[in-house]
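> fold the stuff below for me.
(chains A and B)
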Amino acid sequence: MSLLKYESQIREPLIGGDKTYHQITEDIIKPIEMKPSRLWYIGFFISLGLLLFGAYSVYREVTYGIGQWNLNKTIGWGWDITNFVWWVGIGHAGTLISAILLLFRQGWRTGVNRAAEAMTIFAVMCAGQFPIWHMGRVWMAFFVLPYPNSRGPLWVNFNSPLLWDVFAISTYFTVSLLFWYSGLIPDLATVRDRAKTKLRKLLYGVASFGWTGSTKHWQRHESLSLVLAGLSTPLVLSVHTIVSFDFATSVIPGWHTTIFPPYFVAGAVFSGFAMVQTLLIVVRKVMGLQDYITLGHIEAMNKIIVLTGSIVGCAYLTELFIAWYGQNPYEWYAFSQNRANLFSPYGWSYWLMMFCNVVSPQLFWSSKLRRNITVTFFMSIIVNIGMWYERFVIIVTSIYRDFLPSSWSTYYSPTIWEIGFYLGTFGLFFTCFFLFAKYFPVVAVAEVKSILKTTGENYKAKMTDTDKMDAEKFYIEEVEHAH
Amino acid sequence: MAGGIKKFVVGSFDDEAVLFPAVKNVRKAGYKIHDVYTPFPIHGLDHAMGLRETSLHTAGFIFAATGTTTALSCISWIFTKDWPLNIGGKPNFALPAWIPITFELTVLFSAVGMVLTFCYLCQLSPFIKKHHFHARATDDLFVMAIECTDKTDDAELQSFLEKAGAKEINIQVAETGWWIGRYDKEQKLYREEKGY
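Numbers count the residues shown, from 1 in each chain, chains lettered A, B, ... in the order given. Below is the predicted model of the structure:
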């Protein structure tokens, strides 16, 4: 009996099967209450192993310095900043789903937002590792914070994009965390009220903040979500814009382009959705959540992938055209020789990026392929590889031949410790994700319940014309009441 | 802390479509609804119960404005008064370059402030315990708690709720408000524990 009863009959249901409110609770919270499967343990310990390897790689770097990675004077940013931008980009899908799609009233976000937001938080945690450890003398990391100090006081440079990054990433992390957790509180209360063991009652009791489900609290919760969504929407756009400023405000040919902010944001959403697909296709299968994360959800995300992939492709061509049209010999050299020339040292990475990001997502114009889970899964991995190469191309091909040909780098390839650090962030990401999937509801229980009667398969089938008339009458009454 | 011990008639509904008219009828009959506990937000229920709009968003705006002012005043004081740095001969008062940080702090202050205000208004925090009228209020039941006064005829109210479509009806003596406690421990009412 809500306004959303106007959901069109043509739209496919967002919740499959014959569900009741209680059945939704059962389906989503059951996995939390059961012992984890063997598969979970295997996955968890592999992730933990990777994390430990990453920790050792970082230890090497801290002890022996940045030289442990193959960075040199010419290539000062290599895999580390590539990985940083890659992870931050991945961290954009969660907030996009939960904030922008909330403002656009997209019902399908309820099935995937919780997991996507969790993914966002973990991805930003991984991203943050790279600039921090790249500092070299990490014990000086607090120098990036503006506070009255005994060094002058020597303040940070507020005009520098690198400092903007510090503010952008930390704000993004904090706000995403608050948004995610405030949405979790009612669901954790559901887990608490079902808890049988003492430990579970204690832990979920603490975590759910004494939530009761009072109408007044829900009213404030709704207001909070809406305003946080409104705040997060420009925040999502600002974060990758500011990351792109790290490059765009420099004078390096290949970086110095005004198209970067929108191009980076589109790329971030593109890679973020690819990662959401990778994770959720596995999660829905392993945890049996096919009724909540339906083919319709996967198709909707694939539509966003083809849209943002095409925007990214358009941006690649635009910057290539402008490099030629701008008639700056350095700029044109960076594009025509360092990148687009297949036979230059890194030409292969440019064309790999072009193939993965521009050509391959075009398959998703076909609705049959959009709804094919195997194709989607492979495509999501291809897109993530492509987006990693995009950052690699932008960073390395722009700096490996600098203004002084005598310092042109010989071929740069990473060391095992540089790769180990990257693998370590995968370890961190998946360790967190495995813990999340085990101890938290991976689908937003309360939000899914709120759309059950409008988009549930069983309710949609039963809905008659009288029901719709009732809904209309109710709507008019409610509007009258509100005024 | 303790909101006082009161007697409640509690009716649990299993369908929000039944709950809506019930709320209206209960209010029309002159009973005082203490609260309705629902597993998910039900749009329009706050209006039906006669609750006023929340002004949480106004708090959000005030926090946002605080963030903007903090950022702008701090940065301009630091870069023009406290320690003017010569950065490539550019002006010390470089407003356009401060927009990103100003924006981020606006969002940060607003988000953090609003969440804290939300927790304060709803009295949410770890180790806070409240009385739950029904354990399934966070699962699939819509639980209406009606406060009893001296004049209330319990039996009449119970049959009234039954007619309105409530599935489970009972009478509970409960302490409203919140107290410090843990959900793994049975806890006596605050007043019972203190012995008054």
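> isn't A:W86 up against A:A274?
No. Assessed by Cβ atoms under 8 Å, A:W86 is found out of contact with A:A274, at 11.2 Å. (C-beta placed from N, C-alpha, C; glycine too.)
> element containing the residue of chain B found nearest chain A?
Going by Cβ to the nearest Cβ, chain A is nearest to B:Y183 of chain B, at 2.7 Å. If you go by DSSP states H and E, B:Y183 is not part of any helix or strand.
> how about the contacts made by the closest residue in space to it that isn't next to it in sequence?
Spatial nearest neighbour of B:Y183, excluding adjacent residues (Cβ to Cβ, 6 or more residues apart in numbering or on different chains): A:G205 at 2.7 Å. A:G205 sits next to A:192, A:195, B:129, B:182-184 when contact means Cβ atoms under 8 Å, 6 or more residues apart in numbering or on different chains.
> the longest helix seen in chain B packs against which elements?
Longest helix in chain B, counting residues (DSSP state H): helix B:95-122. With contacts taken as 3 or more Cβ pairs under 8 Å, 6 or more residues apart in numbering or on different chains; DSSP states H and E, helix B:95-122 sits against helix A:161-194, helix A:215-248, helix B:56-76.
> so which strand or helix has the residue nearest to B:Y183?
Taking DSSP H and E as the definition, one finds A:G205 inside helix A:198-207.
> report how many residues lie close to residue 137.
Just going to use chain A. 10 (other Cβ atoms under 10 Å in any protein chain shown).
> ah, I was thinking of chain B
24.
> pull up the per-residue confidence for it.
Note on B:A137: pLDDT of 89.
> list the contacts of it.
A:193, A:212-213, B:12, B:37-39, B:143.
> OK, contacts around the residue nearest to the spatial centre of chain B?
Centroid-nearest residue in chain B: B:C122, 3.2 Å away (criterion: Cα atoms, centre = their mean). B:C122 sits next to A:214, A:216-217, A:220-221 when contact means Cβ under 8 Å, 6+ apart.
> mind putting those into a markdown table with distance to chain B, neighbour count and pLDDT?
As requested, the contacts of B:C122 are exported to a markdown table (distance: Cβ to the nearest Cβ, whole Å; neighbours: other Cβ atoms under 10 Å in any protein chain shown; pLDDT from 0 to 100):
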| residue | distance to chain B | neighbour count | pLDDT |
| --- | --- | --- | --- |
| A:S214 | 5 | 20 | 92 |
| A:K216 | 6 | 17 | 92 |
| A:H217 | 5 | 23 | 93 |
| A:R220 | 5 | 23 | 94 |
| A:H221 | 7 | 24 | 94 |
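> identify, from these, the entry nearest to B:T106.
Closest approach to B:T106 among those (Cβ to Cβ): A:R220, at 21.6 Å.
> any idea how far that closest one lies from A:V206?
21 Å (Cβ to Cβ, to the nearest Å).
> please apply the same query to A:F270.
Taking Cβ to Cβ, one finds A:F270 at 39 Å from A:V206.
> between those two, tell me which one has more neighbours.
Between A:F270 and A:V206, counting by other Cβ under 10 Å, A:F270 is the more crowded of the two (30 against 18).
> within the helices and strands, which one has that one?
Here A:F270, judged by DSSP H and E, is contained in helix A:260-286.
> buried residues in that helix, which are they?
For helix A:260-286, the neighbour count (16 or more other Cβ atoms under 10 Å in any protein chain shown) marks A:260-261, A:263-281, A:283-284 as buried.
> quick one: contacts for A:R220?
By Cβ under 8 Å, 6+ apart, the contact list for A:R220 reads B:54, B:56, B:118, B:121-122.
> the closest residue in space to B:H134 that isn't next to it in sequence: neighbour count?
Closest residue to B:H134 apart from its sequence neighbours, by Cβ to Cβ, 6+ apart: B:V143 at 4.5 Å. Each residue near B:V143 was counted by other Cβ under 10 Å, and the total is 26.
> would you check that B:V143 makes contact with B:H34?
No. Assessed by Cβ under 8 Å, B:V143 is found out of contact with B:H34, at 10.4 Å.
> A:H256 - nearest residue in space that isn't next to it in sequence?
Spatial nearest neighbour of A:H256, chain neighbours left out: A:S250 (6.2 Å); criterion: Cβ to Cβ, 6+ apart.
> now do the SS call for the one you found.
Secondary structure for A:S250, judged by DSSP: H, G, I helix; E, B strand; the rest coil, is coil.
> quick check: A:F84 vs chain B, distance?
In this view, A:F84 and chain B are 18 Å apart by Cβ to the nearest Cβ, to the nearest Å.
> with adjacent residues omitted, what lies nearest to that residue?
A:F130 (3.7 Å).
> my read is that the one you found contacts A:G78, right?
No. A:F130 lies out of contact with A:G78 (Cβ under 8 Å); the separation is 10.6 Å.
> any residues in contact with both of those two?
Contact criterion Cβ under 8 Å, 6+ apart; residues shared by A:F130 and A:G78: none found.
> wait, what's in contact with the nearest residue to A:A248 once chain neighbours are set aside?
Distance criterion Cβ to Cβ, 6+ apart; nearest residue to A:A248, sequence neighbours excluded, is A:F260 at 4.0 Å. Shown in contact with A:F260 (Cβ under 8 Å, 6+ apart): A:244-245, A:247-248.
> of all those, which comes closest to chain B?
Ranked by distance to chain B (Cβ to the nearest Cβ), these are led by A:F245 at 7.4 Å.
> I'd say the closest one and A:W164 touch.
Yes. Checked against Cβ under 8 Å, the pair A:F245 and A:W164 is within contact range at 6.4 Å.
> anything in contact with each of these two?
With Cβ under 8 Å, 6+ apart, A:F245 and A:W164 have common neighbours B:P100.
> my read is that A:S182 contacts B:V115, right?
Yes. When contacts are counted by Cβ under 8 Å, A:S182 is listed as touching B:V115 (5.9 Å).
> so for the two, which residues contact both of them?
Joint contacts of A:S182 and B:V115 (Cβ under 8 Å, 6+ apart) are A:224, A:228.
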